[in-house]
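Asks: This is the structure alone, sequence omitted:
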């Protein structure tokens, strides 16, 4: 197992290196550049632009810029944000908790929903049909449209929930925090639960069709026990890997949700930074995202290996 | 009473008929559309749905039904073509990885991992900001972030098929690898590939609308369902028809694609059960 | 039939949801003098007024300038005791072509930490900017200052190496506190950047990144203990326009500054809100790049295009009548405004005649050609502004009626800035937000094309350029304005760009908010925040 982890980690290094080069090149190919925002201001003279270009080191050859970025990054120096001059790491860490909170709660809710729906579907045919219909709708919705509709309905018309943001000013109660979470979590979790429940339902069905389940049935084991003790654990194995692989996607998918609900997370930081061409922040965001995916992949492999000993050898 | 059996028989038919009708409507949009695409009527802006304008008119007095029909061309083209491109590319790469030697396999799959590891939507937003793409480039972009899963599935299928007796047999009698792949292996991948395609159509349409939400999708004055929805988001309270019709088009189309994909799926529980 | 039913069912649910969303009444409870919540479109990068490159609304509540612009665009003293002019001896012209500006500071002004505000702070500010190791946003004007003398604690004599007509606005962004920042690297003075020490009525109490900035009133403000009246102002950052407007309707925020014109309609009916309307000091126009698209070098082509557009119709419909048609770059609020310039009324026949005379004949497809060149160009404009997208489509239709083909290309803000700066475009729909000073040189002098300026029409008219430079060297306001008026008449004759309409600054504020005036300049609506007060409805 340790060898597997070490090998995968060793593979991850060149992978991340390649990604960083791709992303860096892509970033600098975006027209405009970080100083273009200054051009709209009538007080900024062209001489100012040239001065700032030099000050930010943007006048150096691209390869040199990449080299110095990489060297600093490897030392753990993520650079300074062009937008406000503060360390990138500080800016990321400020925003990370909000995203972890949103994606974490949404992921958990989606997970519980998915399992409940999948089990329910295996038990009751009518429920199965209804749930399948809702699930297929869930994966067919434009997320931002769904979010705006919910916001309009539940927050603005009915007034049940705050429409956006993470807290109400002057109210630090848990209830307030939770009420702000409801809408974005609802949107994010619904879409994710739809996808997961479809997967798990299918996996469960497949397991239920296997001979050992039929054998268990002939032995007279209660349907309930068959489902929960035998079928579900077998179906959960591959499902866990899907969940882990999707977890990073969940966070990056929060870019849309955070934008609609003015959620102060790392996704909205990305949107902002993209608008301003804040290269250091964008690089950090994409590298962090890639690293998270790589680690979750690794975790998924480990989990699979732990669940299924046969794979330990071949992995 | 409909039995599960008849459902299985009819569901794909209904969805397929719906999609077929939609494609026809898109192709014949110039004939079907009641107005010219870019006909501005500033005197008749934001008109609610009526007999003259079934879906109402927009901020510039353009007929929404007309724009939905022409938007269907763009949205469906993006969905269909990006799906075909991404699946073809994914299958080709996956087959190559699954059938070639270990080193090639490693190289391809690590490359796939790399692309898979970059957060998809941010990557797409970034690339769209670089390229400021027109519709053809958008199709390629959407395809570029969608081929990886297909490649993985195709590789697994190819490996499974390649291990079977009849393929081993063909190899043994000296058939060239290309011939083996084309004649024996790829046909086995078709079911999985067709499922991937139907699902990718829906995903492509959704992705275009999300990109439009961030202003990097299809650019006006050309209409796509995504950018109509984007433009309508600010007037959802006062002129709901501007958001509802393109939104419903996306929803129903993607729904139909997913429904067809479900039924085609070899793992479909309703068939295996 | 399950699937069909599924589809119908989902469709119906979505429709019902949407329709439900469109009915009902929003509730709102008004603000009080304890707390005013502002929905703000973007988070500041830094609170340092010299380093930020977005509007300084929040900053200006904390850090005051020596002067500011009032709601009629007059320059009024704030930390200065009076405005230095030639007449009151505050400006001295020197024999070597330079000039001195003598700033008399208001006595009794203290920084929030109790330290008096003095001429040493003015000198420190100039030195910090001119030292060259700091990255302020703009050094405009400062680069012409050779030194600052401080004969006493309330007098700062600023020496300019050349005449600088907009000297009054030199310190509109305030001063930097010497006692706090002396010896510090301003590039990394994050404590100051996040919560600057100022003299204004408010100070930063909390900045929660991505969420809000909370300002609290300063006790013992120099204007008197009764100022400001509102205890706390909360700026909530809500980037998405729809979300921001919805929050305003729901009463989750009390006010929104600078409402987009196409949102005003939605807010008209909301009870408890007042829409404050001031005419802004900017103008929307179509830049015609003569260098990149040679056909625009012919004045008759430019004039024809101007005649082809029904600006009144566009303003009445696409802009909901929120702005007015104008004819030039200087707006009526300015003392330099010239009303009697050549205008280009909507006249398709005239436009057609001008184009035909200029040698552009209609081809088989209706598009005009001359010597094998089609009259086809691409208009760029910024994405994300529904109004601009719509106006550009109206223009497209107007031009096609006179045989001119125009394509539209949308670009995001950063891309478009880079594009106009490089000059690689045919035409651009945009606005210039003009400074409070009526300088036009930067935009119309022949040698001020980028990178030396903003003449992106690439108009090069010797008479105009001469007039403009003469106005720059004239400090006397009356004489300078006369020159600028003549320049405006010349610009209108040349029609280097198609001038469309002025800009309106519309702020949605609580109906109970007193003394709110709005502001046409970049001073922003918070310029007199110390006077604001919530009254009884």
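Replies: Received, thanks. Since this is a predicted model, take the numbers as computed values, not measurements.
Asks: and the residue of chain C found nearest chain A, helix, strand or coil?
Replies: Closest residue of chain C to chain A, CB to the nearest CB: residue C:210 (2.8 Å). (C-beta placed from N, C-alpha, C; glycine too.) Taken by DSSP: H, G, I helix; E, B strand; the rest coil, the conformation at residue C:210 corresponds to coil.
Asks: What sits closest to it if chain neighbours are left out?
Replies: residue A:264 (2.8 Å; CB to CB, 6 or more residues apart in numbering or on different chains).
Asks: ok, now how distant is the residue of chain C closest to chain A from residue B:214?
Replies: Using CB to CB, to the nearest Å, residue C:210 is found at 18 Å from residue B:214.
Asks: thinking again about what came up before, okay, the residue nearest to residue C:210: pLDDT?
Replies: Looking at residue A:264, its pLDDT is 88.
Asks: Residue B:104: helix or strand, and which one exactly?
Replies: If you go by DSSP states H and E, residue B:104 is part of helix B:102-117.
Asks: Any residues of the stretch 101-250 of chain A in contact with chain B? List them.
Replies: The stretch 101-250 of chain A comes close to chain B at residues A:136-137, A:139-145, A:148-149, A:152, A:201-202, A:205-206, A:208-209, A:248-249, as judged by CB under 8 Å from any CB of the partner chain.
Asks: Buried among those residues? Make that a PyMOL selection.
Replies: Those of these that count as buried under 16 or more other CB atoms under 10 Å in any protein chain shown are selected in PyMOL with:
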select buried, chain A and resi 136+137+139+140+141+142+143+144+145+148+149+152+201+202+205+206+208+248+249
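Asks: What about the residue nearest to residue C:210, how many residues nearby?
Replies: Neighbour count of residue A:264, defined by other CB atoms under 10 Å in any protein chain shown: 25.
Asks: before we move on, could you check phi and psi at it?
Replies: phi -80, psi 50 (degrees, to the nearest 10).
Asks: contacting residues around it?
Replies: A:95, A:98, A:165, A:166, A:258, C:208, C:209, C:210, C:211, C:237 (CB atoms under 8 Å, 6 or more residues apart in numbering or on different chains).
Asks: So what would you say the end-to-end distance of stretch C:209-220 is?
Replies: Across stretch C:209-220, the terminal residues are separated by 29 Å (CA to CA, to the nearest Å).
Asks: One more: stretch A:153-173?
Replies: Stretch A:153-173 has its terminal residues 24 Å apart, counting by CA to CA.
Asks: how about that stretch, does it reach chain C?
Replies: Yes - judged by CB under 8 Å from any CB, stretch A:153-173 comes into contact with chain C at A:153, A:155-159, A:162-167, A:169-170.
Asks: how about the residues of the stretch 51-200 of chain A that lie near chain C?
Replies: By the criterion of CB under 8 Å from any CB, the positions of the stretch 51-200 of chain A lying close to chain C are A:51-52, A:55-56, A:83-86, A:91, A:94-95, A:98, A:129, A:133, A:136-137, A:148-149, A:151-153, A:155-159, A:162-167, A:169-170.
Asks: any chance of the contacts of residue A:264 in TSV, plus neighbour count and pLDDT?
Replies: Formatted as TSV, these follow (neighbours: other CB atoms under 10 Å in any protein chain shown; pLDDT from 0 to 100):
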residue	neighbour count	pLDDT
A:95	24	89
A:98	22	91
A:165	23	82
A:166	23	83
A:258	29	89
C:208	16	87
C:209	18	83
C:210	22	82
C:211	22	85
C:237	23	89
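Asks: Name the SS class of the closest residue to residue C:506 other than its chain neighbours, please.
Replies: Spatial nearest neighbour of residue C:506, excluding adjacent residues (CB to CB, 6+ apart): residue C:259 at 4.9 Å. For residue C:259, the assignment made with three-state DSSP gives coil.
Asks: Correct me if wrong: residue C:259 contacts residue C:504.
Replies: No - checked against CB atoms under 8 Å, the pair residue C:259 and residue C:504 is beyond contact range at 9.5 Å.
Asks: neighbour-wise, which of those two wins?
Replies: Using other CB under 10 Å as the criterion, residue C:259 and residue C:504 rank with residue C:259 on top: 25 against 21.
Asks: Relative to chain B, which residue of the stretch 101-250 of chain C is the closest?
Replies: Here the stretch 101-250 of chain C gets closest to chain B at one residue, residue C:242, 5.1 Å apart by CB to the nearest CB.
Asks: So that residue belongs to a helix, correct?
Replies: Yes - remark: residue C:242 belongs to a helix, assigned using three-state DSSP.
Asks: That one against residue B:232, yeah?
Replies: No - Residue C:242 is beyond contact range of residue B:232, at 10.0 Å (criterion: CB under 8 Å).
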